[in-house]
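In: Below: sequence and its predicted model.
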Amino acid sequence: MIPFLLIVNLMTFGVFGFDKWQARKHQWRISENMLLGISLIGVVGAASGMIIFNHKVSKKSFLVKFFIVVLIDLVLFYRLIRH
């Protein structure tokens with residue numbers, strides 16, 4: 001399970017970096033819903049990507065949705081370790 005989570009988080013980190021790169025070039029972007037969807041699996045990579053690439057950190061509506069994703073992840077993690 002740990003290798004899977006490591007790979008998924010690295011991929012999520014890369015996707016956030018790619019989207020920031022595309023934003024700087026004013027080209028095709030990854031939708032917010034897609035970013036939030038992959039954040040559900042790779043929340044650590046997403047948070048790292050947001051901080052390191054300074055991506056989506058000033059957009060309040062995205063941050064609220066991201067916070068909900070983090071809460072969902074915490075609940076799922078709690079249920080996983082509880083059983």
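Out: Perfect, thanks for sending it.
In: Now do the strands in this structure.
Out: Shown for the chain, no strands are assigned by DSSP state E.
In: Quick check, Val43 in contact with Val69.
Out: Yes - taking contacts as C-beta atoms under 8 Å, Val43 lies within contact range of Val69: 6.5 Å. All C-beta atoms are positioned from the backbone trio N, CA, C, and that covers glycine.
In: gap between Val15 and Leu35?
Out: Using C-beta to C-beta, to the nearest Å, Val15 is found at 7 Å from Leu35.
In: who's more crowded, these two?
Out: Leu35 (23 against 19; other C-beta atoms under 10 Å).
In: check contacts around the more buried one.
Out: Val15, Phe16, Asp19, Ala46, Lys56, Phe62 (C-beta atoms under 8 Å, 6 or more residues apart in numbering).
In: For burial, what's the neighbour tally of Phe53?
Out: When neighbours are counted by other C-beta under 10 Å, Phe53 comes out with 18.
In: Phi, psi for it please.
Out: Dihedral pair for Phe53: phi -90, psi 0, per degrees, to the nearest 10.
In: Contacts only, for it.
Out: Phe16, Gly17, Lys20.
In: pLDDT score for it?
Out: pLDDT recorded at Phe53 is 97.
In: Give me the spatial nearest neighbour of it, chain neighbours excluded.
Out: Using C-beta to C-beta, 6 or more residues apart in numbering and skipping the chain neighbours, the partner closest in space to Phe53 is Lys20 (4.2 Å).
In: now Thr12
Out: The nearest residue in space to Thr12 (C-beta to C-beta, 6+ apart) is Gly42, at 3.0 Å.
In: Please apply the same query to Phe18.
Out: Spatial nearest neighbour of Phe18, chain neighbours left out: Ile30 (7.3 Å); criterion: C-beta to C-beta, 6+ apart.
In: ok, that neighbour touching Asp19?
Out: Yes - between Ile30 and Asp19 there is a contact under C-beta under 8 Å: 4.5 Å.
In: re the thing from before, now the residue nearest to Thr12, what are its backbone angles?
Out: Per-residue torsions, Gly42: phi -120, psi 60 (degrees, to the nearest 10).
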